[in-house]
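# just the structure for this:
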Amino acid sequence: MNVRTFIKVDKAAFYRFIATEPEGRYEYEWGRIVQQQQGGTRKHVHIGANFHKLLLNRFDPAICSIYEGRGVETSETVRYPDVVVEAAGEPDDSLSTDAPLVVVEILSPTSVDRDLFVKPAEYLSLTSLEAYIVASQSEPNCKVWVRGADRDFADEPLAVTGLDATIDIPALSLSIPLRDIYDGLFNKPAAAKD
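Model prediction:
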């Protein structure tokens, strides 16, 4: 949910603002600083932590870095997705990357339209990006845009549904089972019967 929009500024002013603003979560949208809703449900945080752990375990840290809350800069925006994979070696003092390999957003009731209909065009414009993943909180279901062998993205995301499904990102030799993404949420063992 966008709470407050500030006067029009450039990206340099946005970065100065977030460096000095003591509280709040902000993004940069087409020349404006926009305050975003903070926090999330337990499920939201749980799914984000699972993605982070899974990706950390699948990439060599000398090749890729995995972050929660890392900025992603496009030509007109600076977003803060839930999880970002980027090539290792970005400067330690950088506030964002313009070369993510994978971006993960976890849907919230207030972010559905933005995550599914606004952000895809922004993220898919980045030549480094191999996949944009949008994960549901309410069921084991992800919408996934994966760059094809022709280096293009499909117009519509692939729906990856169910605990037995897997998200495949061939360019990164990466397979992520939904069972692992949603571990602890939808695959709880049934109660023992007497």
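# can you tell me the closest non-neighbouring residue to Phe51?
Among residues not flanking Phe51 along the chain, Val83 sits closest, at 4.6 Å (C-beta to C-beta, 6 or more residues apart in numbering). C-beta here means a position set from N, CA and C on the backbone, and glycine is covered the same way.
# same thing with Val84?
Arg70 (4.3 Å).
# so the one you found sits against Glu86, correct?
Yes. Shown here, Arg70 and Glu86 form a contact pair, counting by C-beta atoms under 8 Å, at 7.3 Å.
# so what sits against both of the two?
With contacts taken as C-beta atoms under 8 Å, 6 or more residues apart in numbering, Arg70 and Glu86 have Thr97 as neighbours in common.
# show me where this protein has its strands.
Applying DSSP state E to the chain gives strands spanning 2-8, 25-29, 32-36, 64-67, 71-73, 77-79, 83-87, 96-97, 100-106, 131-135, 141-146, 158-161, 166-169, 174-177.
# same question for the third one, mean pLDDT?
Read that as strand 32-36. For strand 32-36, the mean pLDDT works out to 86.
# may I see the buried residues of that strand?
Across strand 32-36, burial judged by 16 or more other C-beta atoms under 10 Å covers Ile33, Val34, Gln35, Gln36.
# still on that earlier bit, tell me what the residue nearest to Phe51 is bridged to.
In this structure, Val83 bridges to Val104 when assessed by DSSP bridges.
# domain-wise, how is this structure divided?
The chain breaks down by automatic domain parsing into domains covering 1-38, 40-181.
# what is the end-to-end distance of the last one?
So the one you mean is domain 40-181. One end of domain 40-181 sits 17 Å from the other (C-alpha to C-alpha, to the nearest Å).
# starting at the chain centroid, how far to stretch 103-112?
Centroid displacement of stretch 103-112 relative to its chain, using C-alpha atoms, centre = their mean, to the nearest Å, is 8 Å.
# same question for stretch 168-175.
Centroid displacement of stretch 168-175 relative to its chain, using C-alpha atoms, centre = their mean, is 17 Å.
# one more: stretch 55-71?
12 Å.
# tell me the buried residues in it?
Buried residues in stretch 55-71, counted by 16+ other C-beta under 10 Å: Leu55, Phe59, Cys64, Ser65, Ile66, Tyr67, Arg70, Gly71.
# what's the answer for stretch 125-142, then?
Across stretch 125-142, burial judged by 16+ other C-beta under 10 Å covers 126, 129-137, 140-142.
# in the protein, which ranges drop under the pLDDT threshold?
Low-confidence segments of the chain (pLDDT under 70): 1-6, 22, 38-39, 187-194.
# in the chain, which helix is the longest?
helix 42-58 (DSSP state H).
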